[in-house]
Every structure is written in C-alpha cells, then in structure tokens.
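Peer 1: quick one, what's the 3D model for this:
(2 chains)
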Amino acid sequence: MERNPLRRQLQMMRKSFFDQGYLDDQFVQLEELQDEANPNFVEEVVTLYYRDSSRLILSIEQALERKPFDFNKLDAYMHQFKGSSSSIGAKKVKAESTLFREYCKSGNKEGCMRCFQQLKKEYATLRKKLEAYFQLARQAGPMETACRPK
Amino acid sequence: MTALVVDDNMVNRTIHHQLLDNLGIENVAVGNGKEAVDIHCSGKAFDLILMDMDMPIMNGIEATRKLREMGIRSMIAGVSTRSMEQEIREFIEAGLDDYQEKPLTVSKLISIIRKIN
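Peer 2: As a prediction, this is how the structure comes out:
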C-alpha cells in the first residue's frame, strides 16, 4: 500500500482510467518502456499523439463539411487516427474510431457525423484526464516501477 | 543487430524506436516505403525491417516487393493494424518473413527477433 498521499492519489487516478475503460493494456506497454534514460517517455508519446492526431481531427472535420461525402477519404483518415489511438491505449477513442469506419463502409453519413461528435468528446475527456495525471505525476516525483492494473 | 522502422505515423515510429532501443537494437526510422528503399540504395543494411503497410508515396507492399527485387535478404516483418487474412495476404506474398498486428509489444517484437536468431 503506497504511503505517500500524492503517489496514492496517482495510483487511484491511474486505476480509474482502466476501470472506466479509458485506457487498455497498450498504455501499460508504454509505461514499461519508460526507464531512467527516458523518464517521461509516456508523457512524451501522449503529447506527440495529441499534437499529431489534432491534424487528423481537423482533416476529418473538413472532409465532413464537403459535399458530396468522400467516404473513402474519411475512412483513410480514420484508419490513421485509429492506429495512433490504439498505440497509446486510448480504448474508448479507438472504439469510436472503429464505429466511424463501419459507418463509412456502409455509407451512413448521419452515423459518421454523430459518431465523430462522440469521438471528439472521448478524445477531449481523455486528454484532460491524462494532463491532470501527468501533472500530478510530476508533483509526486519519479516512480521506481510501473504498476500493472489489478 | 540493427533495425529499420518504416512507418508514416510519428507516434508508432517513436514507440517502435523505443521498443528496439530497450532491447539494445540500434535502429533508424523512416516515414514511407520509398525512404526505406532509398536508405538501402545508399548502402545501408539492416538485420530487421519493421514495415508498416499503409503509407503514402510507397506503401509497405510495394516497398517489400522492391527490396526483395533488390536482393535484400533482411528479416522483413510487416506491422500493421490490418487483421483480415485477404488484406494481409498480398503483403505476405510481397516477401514478408513475419507479420504482427499493431500495436507492437515487447513480446511480439521478441518473437520476431527469435526468428532472426
């Protein structure tokens, strides 16, 4: 049981990400790549993800405004976005990406638009949670080992 | 051992680079199949190539085919989000030695490396 209150809070926050389905095991894989030589690896990758994927979000938004809909282009963008999201363990974001691609394949314009709104919500929610988590982690100081979710 | 990471996605390049680094494998990353071919044309050689499938300019299938035509005998492992057999069949037939579905993990990478050894 962690005695340091900040570290305990950090552990609980982290556990909630998995319990509530925001993150999956791929996030743990990233944590296991973090070491003394790269102590901020996870935060760096997540920051890179949000920077890189924001361009894709914008491209998808612009493509959704064009008429007629180019479902192939939308699917291609979302394929890239899903790949990145999957690489950081963004479980809910990945699920919405999968659903969006299914709507693209079936040519369902309304489905795409509805799904994209939900995807953006999940994307933003995860970003806020991870920003708070990394801020707390910086206050708590370096961890000695990564903890596997229970 | 040396490796080449071929992926248009910066997040994946970063993760794959770190995975290889942590296993003590010197590695270089490029952003598409054409860059993978060009780096070989410049005289560089690698024991392992981690090849993404969907990339702009030159995709993984074309790049793998081209590298094999050039006589490159390195272990080429396809790493992609594709999971349907017919989707990856063309990729495998282009000359892959192995295929792993993304996201790439330590255990998947170790299973690829074991095939080299």
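Peer 1: can you give me the helices for the chain?
Peer 2: Since you didn't name a chain, this refers to chain A. For chain A, the helices defined by DSSP state H occupy A:5-19, A:25-33, A:41-65, A:71-87, A:91-105, A:109-140.
Peer 1: please go with chain B instead
Peer 2: B:10-22, B:33-41, B:60-69, B:85-93, B:106-116.
Peer 1: grab the most central residue of chain A for me.
Peer 2: Most central in chain A under C-alpha atoms, centre = their mean is A:Ala90, positioned 3.4 Å from the mean C-alpha point.
Peer 1: that one reaches A:Phe17, doesn't it?
Peer 2: No - A:Ala90 is beyond contact range of A:Phe17, at 10.1 Å (criterion: C-beta atoms under 8 Å). All C-beta atoms are positioned from the backbone trio N, CA, C, and that covers glycine.
Peer 1: check what pLDDT A:Phe18 gets.
Peer 2: Here the pLDDT value assigned to A:Phe18 is 98.
Peer 1: could you list the low-pLDDT ranges of chain A?
Peer 2: Scanning chain A with the threshold set as pLDDT under 70 gives A:1-3, A:143-150.
Peer 1: rerun that using 90 as the cut-off
Peer 2: Low-confidence segments of chain A (pLDDT under 90): A:1-4, A:36-37, A:67-69, A:140-150.
Peer 1: repeat for chain B
Peer 2: Judged by pLDDT under 90, the stretches of chain B that qualify are B:81-87, B:115-117.
Peer 1: in it, what residue sits furthest out from the centroid?
Peer 2: Chain B, C-alpha atoms, centre = their mean, max distance from centroid: B:Gln86 (19.3 Å).
Peer 1: for the residue nearest to the centre of chain A, give me its contacts.
Peer 2: Residues counted as contacts of A:Ala90 (C-beta atoms under 8 Å, 6 or more residues apart in numbering or on different chains) are A:22-23, A:49, A:122-123, A:126.
Peer 1: residues contacting the closest residue to A:Leu33 other than its chain neighbours?
Peer 2: Ranked by C-beta to C-beta, 6 or more residues apart in numbering or on different chains and with sequence neighbours excluded, the top spatial neighbour of A:Leu33 is B:Gln18, at 4.7 Å. Contact partners of B:Gln18, counting by C-beta under 8 Å, 6+ apart, are A:33, A:38, A:41.
Peer 1: now swap in A:Gly111 and tell me
Peer 2: Contacts of A:Gly111 by C-beta under 8 Å, 6+ apart are A:99, A:102-103.
Peer 1: swap in 10 Å and give it another go.
Peer 2: A:99-100, A:102-104 (C-beta atoms under 10 Å, 6 or more residues apart in numbering or on different chains).
Peer 1: any of the residues you listed buried? List them.
Peer 2: Neighbour counting by 16 or more other C-beta atoms under 10 Å in any protein chain shown classes A:99-100, A:103-104 among those as buried.
Peer 1: any chance of those residues in CSV with distance to chain B as columns?
Peer 2: Compiled in CSV, the buried ones among the contacts of A:Gly111 are given as follows (distance: C-beta to the nearest C-beta, whole Å):
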residue, distance to chain B
A:Leu99, 15
A:Phe100, 14
A:Tyr103, 18
A:Cys104, 15
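Peer 1: closest one of those to B:Val5?
Peer 2: A:Phe100 (27.5 Å; C-beta to C-beta).
Peer 1: roughly how far does the closest one sit from B:Pro56?
Peer 2: Distance of A:Phe100 to B:Pro56, given as C-beta to C-beta, to the nearest Å: 21 Å.
Peer 1: chain B next: which of the contacts of A:Ala90 are close?
Peer 2: Restricting the contacts of A:Ala90 to those near chain B by C-beta under 10 Å from any C-beta of the partner chain leaves A:Tyr49.
Peer 1: brilliant, that's me finished.
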